[in-house]
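Undergrad: compute the structure for the input listed below.
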Amino acid sequence: MTRYVALLRGVNVGTTRLAMADLRRIVTDLGHEDVTTYLQSGNVAFGSTVRDAEKLADGIARALTDELALTVPVLVRSGRELAAIAGGNPYADREDDPTRLLVAFLATAPKPSTVDVLAVPGGENVSFTVTGREVFLHYVDGGYGRSKFTNAYLEKQLGVVATSRNWKSVRALAEMTAS
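TA: Predicted coordinates for the structure are as follows:
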């Protein structure tokens, strides 16, 4: 049994509403075990014998569409991957405020050519590091809410689906999926 977390993009922000009880039921009905949600923003941890994260993501996304008529991107990371992410933030020692540190989880690794030209818009003071399927973000002078360097901006510039979580959430999800 491997622990995973599914990260749903855009849930309970804007118009896409999803009760966490429904999310837990759907993931449980797919045959996964020890299903728990974190906050109201589409984070669900679970255990599964399935070893293919893409298959897990597709199954959850399809069930959400079939049962609730919701079309939302779903990204899955293993507990091992989350532990590496939580232990590998290049900005964690520079910032005490977890709302200024975020991780953008990407559906796939972006093309190197898009990473090479990725730049912070408008001279904002944001540091970023792209590592595989994650972008570590440090909002030096303020929070994510006032920046133009957003999840939507990253998706457009990198050409991949993304969903972002603040550092407090990343650490909590890593703890939830620790074996």
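
Undergrad: all the strands of the protein, residue numbers only.
TA: Counting by DSSP state E, the segments of the chain that form strands are 2-8, 33-38, 43-48, 74-78, 101-106, 126-131, 134-139, 162-166.

Undergrad: format those as TSV; extra columns: mean neighbour count, mean pLDDT and distance to Gly87.
TA: Yep, even glycine has a C-beta here, placed from its N, CA and C like the rest. Shown next, in TSV, are the strands of the chain (neighbours: other CB atoms under 10 Å; pLDDT from 0 to 100; distance: least, CB to CB, whole Å):
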stretch	mean neighbour count	mean pLDDT	distance to Gly87
strand 2-8	22	97	16
strand 33-38	16	96	19
strand 43-48	23	97	18
strand 74-78	23	98	14
strand 101-106	24	97	12
strand 126-131	17	96	12
strand 134-139	22	97	12
strand 162-166	22	95	16
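
Undergrad: out of those, which comes closest to Leu173?
TA: Closest approach to Leu173 among the strands of the chain (CB to CB): strand 2-8, 4.9 Å.

Undergrad: can you show me the CA trace of the closest one as PDB?
TA: In PDB, the C-alpha atoms belonging to strand 2-8 read as follows (Å, rounded to 0.1, in the frame of the first residue of the first chain):
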ATOM      1  CA  THR A   2       1.400   3.400  -1.100                       C
ATOM      2  CA  ARG A   3       0.200   6.700   0.300                       C
ATOM      3  CA  TYR A   4      -0.700   9.400  -2.200                       C
ATOM      4  CA  VAL A   5      -2.300  12.800  -2.300                       C
ATOM      5  CA  ALA A   6      -4.500  14.000  -5.100                       C
ATOM      6  CA  LEU A   7      -4.500  17.700  -5.700                       C
ATOM      7  CA  LEU A   8      -7.500  19.100  -7.400                       C
END
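
Undergrad: follow-up on the earlier one: kindly reformat the strands of the chain as JSON lines containing distance to Arg25.
TA: What follows is these, written out as JSON lines (distance: least, CB to CB, whole Å):
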{"stretch": "strand 2-8", "distance to Arg25": "14"}
{"stretch": "strand 33-38", "distance to Arg25": "8"}
{"stretch": "strand 43-48", "distance to Arg25": "11"}
{"stretch": "strand 74-78", "distance to Arg25": "16"}
{"stretch": "strand 101-106", "distance to Arg25": "24"}
{"stretch": "strand 126-131", "distance to Arg25": "34"}
{"stretch": "strand 134-139", "distance to Arg25": "29"}
{"stretch": "strand 162-166", "distance to Arg25": "21"}
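
Undergrad: out of the ones you listed, which is closest to Leu118?
TA: Per CB to CB, nearest to Leu118 of the strands of the chain: strand 126-131, 6.9 Å.
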